[in-house]
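J.: Sequence first, predicted model second:
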Amino acid sequence: MKMIALEIPDEILFDLKIPKERWDTELRKELALQLYRERLLSLGNARRLAGLTKLEFHFLLGERQIPRHYDLEEYRKDLENLEKWEREP
């Protein structure tokens, strides 16, 4: 698995309206929501990035009033990803 680190200046982090102990989880959710909203990430991968179950992610989309989009291309991508994950040790 490839991981990336995102550098965020301290003054921005300390201005967040999120408790420090929740920075990682909340920022992952926000990134996942935005990437999904902009159709840059499928529903399945967005919920994985957010660290949520399918039901939890759907609930979060509803709370934020983000429309669900799922087309044939996204379905195919999800199938491809599933096949990759099944092959991973």
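T.: Received the coordinates, thanks.
J.: C-terminal to the host helix or strand of Asp24, what's the next element?
T.: Here Asp24 sits within helix 23-37, counting by DSSP states H and E. Per DSSP H and E, the first helix or strand lying C-terminal to helix 23-37 is helix 43-50.
J.: hey, C-alpha coordinates of that following helix in PDB?
T.: Extracted C-alpha coordinates of helix 43-50, given in PDB (Å, rounded to 0.1, in the frame of the first residue of the first chain):
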ATOM      1  CA  LEU A  43     -18.200   5.700  -3.600                       C
ATOM      2  CA  GLY A  44     -16.400   2.500  -2.500                       C
ATOM      3  CA  ASN A  45     -12.900   4.100  -2.500                       C
ATOM      4  CA  ALA A  46     -14.200   7.300  -0.900                       C
ATOM      5  CA  ARG A  47     -15.800   5.400   2.000                       C
ATOM      6  CA  ARG A  48     -12.500   3.400   2.400                       C
ATOM      7  CA  LEU A  49     -10.500   6.600   2.500                       C
ATOM      8  CA  ALA A  50     -12.900   8.000   5.100                       C
END
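J.: counting contacts, what elements does that helix pack onto?
T.: For helix 43-50, the packing partners by 3 or more Cβ pairs under 8 Å, 6 or more residues apart in numbering; DSSP states H and E come out as helix 23-37, helix 54-63, helix 72-87. (Each C-beta comes from the backbone N, C-alpha and C, glycine too.)
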